[in-house]
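*Asks:* Okay, here's the prediction I keep looking at, along with the sequence it came from:
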Amino acid sequence: MNSHDTRKLSAALPPEEEAALLETIARWIDKDVRPVVIEHDHGDIWPEAIVKQMAEFGLFGAVISPEYGGLGLPAVTYAKIVSMISSYWMAVTGIFNSHLMLAVAIERFGTEEQKREWLPRLASGEIRGGLALTEPNAGTDLQAIRTTAVRDGDDYVINGTKTWISNGIHGSCFALLVKTDPSADPRYKGMSLFIAPKGEGFSVGKKFDKLGYKSIDSAELQFDDYRIPAANLIGGVEGQGFFQATGGLELGRINVAARGVGLAEGSLRLATEYAQVRESMGKPIAEHQAIQLKLGEMVTRARAARLLTFDAAEAYDRGERCDMEAGMAKYFASEAAVRNSEEAMRIFGGYAYSKEFEIERYYRDALLMCIGEGTNEMQRIIISKQWVKRNPA
Ligand SMILES: Cc1cc2nc3c(=O)[nH]c(=O)nc-3n(C[C@H](O)[C@H](O)[C@H](O)COP(=O)(O)OP(=O)(O)OC[C@H]3O[C@@H](n4cnc5c(N)ncnc54)[C@H](O)[C@@H]3O)c2cc1C
């Protein structure tokens, strides 16, 4: 573990306890999630009943420590839950994943008062939110953000715009990355992270109409002389924001990798079923070599994505440095999701294009996994740099 690593480690669950938890989630997916996916996805409807059920299961506190009201799940169990739900409906996992990025920032870097004040209500789902980093001019280059926070007595006054923020409409509190010293050099030293609940001066702009990842709201957030107490500065010290905002990235990447695994496995499941019932030339298409080649590649890819993801999650739970492993898992699993969903589309033939079949959703949802938590272009560069650093000549 790094000397400054503040990761909270959770012990592995006893196998029977983990199996019971996963069984409960599997039953819930069958009974309450699968029947409503298509209607919600096509209508871009926010899944209120599902959010309520996820709160009842404790998913909004999945990785928050029990002392603050969470389930304190290890990364391995968390990734199993995320991949299982994602293999049926990836978008709903974003509702608690993005929220947990806020909670993780508070638990890892917040003061004891901040943890006691915010974490129990985040864990129960009473307050839900997300992570507000991206701005219209700054995504990959986070240090280029322009939102500022200026100290005024016991408050800070914040001005700026955030964009693409998950849970932006239905969430009520965000980890907000700002510049407290816009002239700092290097730029990251002038960045700070705040716990920002909605209030006067904090408004929601447009909701994005997206290709996929429907039902979870992505929105622009606007800050006009938004005033918050200095007590909301995470950790209480200015200049730590860049490190705090990116400090949760290992878990964030494991989480995106788990979603990729779910999408890759879900696409495989749908294609496998279809290939055995659809016939051409007098036999199921699964007996044609062209389809066998596709299925053979898809199952191998899904399996490799799963192994890389759980390799990273296990390293995380052991407290080892795993930024490169999490990056490799995120990169590979998200590309596996894209490739498997595309191959499944081909296996479905013309019916892939019908919205009566589900495979088109996987195809629309998968590409997002290549963009979030660091684009796959950046991911490969970061993996390479870490690899070389670990292997000096
Ligand atoms: C559905 C959705 C949900 C999102 N949710 C959130 C959220 O909750 N919170 C939040 O803060 N953000 C969120 N985002 C934003 C997301 O994190 C950014 O889109 C992502 O970081 C990429 O930034 P960008 O879109 O500005 O692309 P850019 O940074 O403009 O990148 C464009 C292209 O250039 C490449 N590129 C950029 N810089 C380099 C470089 N130095 N070297 C090589 N290649 C480079 C990128 O890889 C990419 O291919 C969300 C986005 C989407 C689409």
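*Replies:* Yes, it's here.

*Asks:* How about the contacts made by the residue most central in space within the chain?
*Replies:* Nearest to the mean C-alpha position of the chain, by CA atoms, centre = their mean, lies Asn97 at 4.6 Å. Contact analysis of Asn97 by CB atoms under 8 Å, 6 or more residues apart in numbering lists 82, 255, 259. Heads up, the C-betas are built off the backbone N, CA and C, glycines and all.

*Asks:* does Asp185 sit in a helix, a strand or a coil?
*Replies:* Secondary structure of Asp185, reduced to three states by DSSP: H, G, I helix; E, B strand; the rest coil: coil.

*Asks:* Same question for Gly94.
*Replies:* Per three-state DSSP, Gly94 ends up helix.

*Asks:* From here on, call the first residue 35.
*Replies:* Sure, I'll start numbering at 35, so the last one becomes Gly128.

*Asks:* wait, it sits on Ile199?
*Replies:* No - contact between Gly128 and Ile199 fails when scored by CB atoms under 8 Å: they sit 11.4 Å apart.

*Asks:* In the protein, which residue sits nearest the ligand?
*Replies:* Gly173 (2.0 Å; CB to the nearest ligand atom).

*Asks:* That residue: neighbouring residues, count only.
*Replies:* By the criterion of other CB atoms under 10 Å, Gly173 has 15 neighbours.

*Asks:* Now it: closest residue in space, sequence neighbours ignored.
*Replies:* Trp198 (7.8 Å; CB to CB, 6 or more residues apart in numbering).

*Asks:* do the same with Met412
*Replies:* Nearest residue to Met412 in three dimensions, chain neighbours excluded: Thr174, at 5.9 Å (CB to CB, 6+ apart).

*Asks:* Quick one: list the elements packing against the host helix or strand of Arg155.
*Replies:* Element membership of Arg155 [criterion: DSSP states H and E] is helix 146-158. Applying 3 or more CB pairs under 8 Å, 6 or more residues apart in numbering; DSSP states H and E, we find helix 146-158 packed against helix 109-143.

*Asks:* for the record, mean pLDDT for the helix it packs on?
*Replies:* Helix 109-143 comes out with an average pLDDT of 97.

*Asks:* Low-confidence stretches in this structure?
*Replies:* For the chain, applying pLDDT under 70 flags the ranges 35-40, 42.

*Asks:* thinking again about what came up before, does the residue nearest to Gly173 sit in a helix, a strand or a coil?
*Replies:* Recorded secondary structure, Trp198: strand (three-state DSSP).

*Asks:* since we're on it, how many residues are nearby?
*Replies:* Trp198, neighbours per other CB under 10 Å, totals 19.

*Asks:* just the one 5 residues further on next, same as before
*Replies:* Neighbour count for Ile203, taken as other CB under 10 Å: 15.

*Asks:* List phi and psi for the nearest residue to it once chain neighbours are set aside.
*Replies:* In space, Ile203 comes closest to Asp251 once its chain neighbours are excluded; the distance is 4.0 Å by CB to CB, 6+ apart. Backbone geometry at Asp251, expressed as degrees, to the nearest 10, gives phi -80, psi 130.
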